[in-house]
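> My questions are about this predicted structure, shown below with the sequence.
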Amino acid sequence: MIYLFIFIIIFLNVVIKKSLIFEDKIEFSNHKSFISKKKIPTTGGIYLLFFFIIFYKDFNFLSCVYIVLMFMIGFSSDRFKNFSPKLRLIIQIFLTLLFIINSGTYILDVRIDIINSILTKHFQVSIIFTIFCFIVLINGTNFIDGVNLNTIGYYLTIYLIIYYLSYNNNLFIDLVFLKSLILFLTALYFLNLLNKMQLGDSGSYLVSFFTAFYIIQFVNFNNIVSPYFAILLLWYPCFENLFSILRKNYQKKEISSPDNLHLHHSIYFFLKIKKFKFLNNLTGLIINLFNAASLIIGGYYFYSTKILIVIILINICFYVLIYNILIKKNLRKKFF
């Protein structure tokens, strides 16, 4: 059935490409500005929505409703550039609260006894902490979705690693669904590579919202898996979000204001200085390869909290180092 579904979305993408319904209306000045000057449909979100509702059998009716509403927030953001970021954030928090209570998805283990005790004894603290993690990932994913392949490639890598580890270590997970998801994301990856489709805000919200839920469940059902493996898997969009907040505070900018100072912008402009071709896809591919190497290494130690923390810290240090080097080089060329 998954192959029929993939065929249908490819066919629909050809038809929808000529329609304005899913076209990204955001102006050239925001964080997605340099993706392409062509009109590319932001149909990734609608494809993800139907995939999760059709293929993920563990969602009850209310979970499907919350998934649809999360899609609608992103869809509204794609369509209406003046959609208030603060209102969007409030709705995200409210939907996430309803979703995690309905699905029973809570973070209760961080491998620190004192914090674990608080999370288990004080239920409201666990809820707040879980919501925080969801929101950081959702909006961080939206930040990194600025060049082709970056977001889809990143999440495809995550699920490939989870599949490999689960298959080889008899971890508790639905391998049939996971295989279908990997095939589906691979199809989206090539559509994105060929500039035939973008995720849009609706797509980035959905893939991150579902992945936050899925990985928390994965860790909760497999005690051997360290929660820091989940942090490693999701470190890039989460750190991108937190780093952007710190940077904008330091620069005295509105946290919600879009800019072109994210890591992928810096890499893109650096490649432009060096006169590389296919800058959009190349930027995403470079980031994908670095993250893939990091996540693969971490996958061999999915049970070891100490080693995983070291890998996460190395990633953060490398990010900050590369970011600072590229920003200085790009500033000399007056790209910012």
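The structure has been received and is ready for your questions.
> what about the stretch 1-150 of the chain, any weak spots by pLDDT?
Counting by pLDDT under 70, the low-confidence segments of the stretch 1-150 of the chain come to 16-39.
> What segments of it are helices?
2-16, 44-55, 61-79, 85-103, 113-121, 123-144, 150-169 (DSSP state H, counting those that start in this stretch).
> With mean neighbour count added, can I get these in CSV?
Quick note: C-beta positions are derived from backbone N, CA and C, even for glycine. CSV is the format used below for the helices of the stretch 1-150 of the chain (neighbours: other C-beta atoms under 10 Å):
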stretch, mean neighbour count
helix 2-16, 14
helix 44-55, 21
helix 61-79, 19
helix 85-103, 17
helix 113-121, 13
helix 123-144, 20
helix 150-169, 20
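> Show me the one of those that comes nearest Ile267.
helix 150-169 (9.8 Å; C-beta to C-beta).
> neighbouring contacts of the very next helix or strand once past that closest one?
Remark: after helix 150-169, the chain's next helix or strand is helix 175-193, criterion DSSP states H and E. Helix 175-193 has contacts (C-beta atoms under 8 Å, 6 or more residues apart in numbering) with 2-3, 5-6, 9-10, 13, 44, 47-48, 51, 55-57, 148-149, 152-153, 155-156, 159-160, 162-163, 166-167, 197-199, 281.
> so what's the most centrally placed residue in the chain closest to, chain neighbours aside?
Centroid-nearest residue in the chain: Thr141, 3.6 Å away (criterion: C-alpha atoms, centre = their mean). Leaving aside its sequence neighbours, Thr141 sits nearest to Ser208 (C-beta to C-beta, 6 or more residues apart in numbering; 3.8 Å).
> That neighbour and Cys238 touch, don't they?
No - the criterion here is C-beta atoms under 8 Å, and Ser208 misses it with Cys238 at 9.7 Å.
> So between the two, which is more surrounded?
Neighbour count, other C-beta atoms under 10 Å: between Ser208 and Cys238, Ser208 has more, with 28 against 19.
> Keeping just the C-alphas, turn the one helix or strand the more buried one maps to into PDB.
Using DSSP H and E, Ser208 sits within helix 200-221. Coordinates of each C-alpha in helix 200-221 appear next as PDB, following Å, rounded to 0.1, in the frame of the first residue of the first chain:
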ATOM      1  CA  GLY A 200       6.500  24.500   4.300                       C
ATOM      2  CA  ASP A 201       5.600  25.400   7.900                       C
ATOM      3  CA  SER A 202       2.800  22.800   7.800                       C
ATOM      4  CA  GLY A 203       5.300  20.000   6.900                       C
ATOM      5  CA  SER A 204       8.000  21.100   9.300                       C
ATOM      6  CA  TYR A 205       5.500  21.300  12.100                       C
ATOM      7  CA  LEU A 206       4.000  17.900  11.400                       C
ATOM      8  CA  VAL A 207       7.300  15.900  11.000                       C
ATOM      9  CA  SER A 208       8.800  17.400  14.200                       C
ATOM     10  CA  PHE A 209       5.500  17.100  16.200                       C
ATOM     11  CA  PHE A 210       5.200  13.400  15.200                       C
ATOM     12  CA  THR A 211       8.900  12.700  15.700                       C
ATOM     13  CA  ALA A 212       8.900  14.200  19.200                       C
ATOM     14  CA  PHE A 213       6.000  11.900  20.100                       C
ATOM     15  CA  TYR A 214       7.600   8.900  18.400                       C
ATOM     16  CA  ILE A 215      11.000   9.200  20.000                       C
ATOM     17  CA  ILE A 216       9.700   9.700  23.500                       C
ATOM     18  CA  GLN A 217       7.600   6.600  23.100                       C
ATOM     19  CA  PHE A 218      10.600   4.800  21.600                       C
ATOM     20  CA  VAL A 219      12.800   5.600  24.700                       C
ATOM     21  CA  ASN A 220       9.900   4.900  27.200                       C
ATOM     22  CA  PHE A 221       9.300   1.400  25.800                       C
END
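> Look at Ile182 and say how many residues are nearby.
Around Ile182 there are 16 residues (other C-beta under 10 Å).
> now it: how far from Lys57?
According to C-beta to C-beta, to the nearest Å, Ile182 and Lys57 sit 17 Å apart.
> Once you drop chain neighbours, what's closest to Ser256?
Here the residue nearest Ser256, using C-beta to C-beta, 6+ apart, is Pro85, at 3.5 Å.
> which one's the longest helix in this structure?
helix 305-332 (DSSP state H).
> packing partners for that one?
With contacts defined as 3 or more C-beta pairs under 8 Å, 6 or more residues apart in numbering; DSSP states H and E, the packing partners of helix 305-332 are helix 227-233, helix 235-250, helix 263-273, helix 279-299.
> Now do the shortest one: which elements does it pack against?
This points to helix 227-233. helix 150-169, helix 200-221, helix 279-299, helix 305-332.
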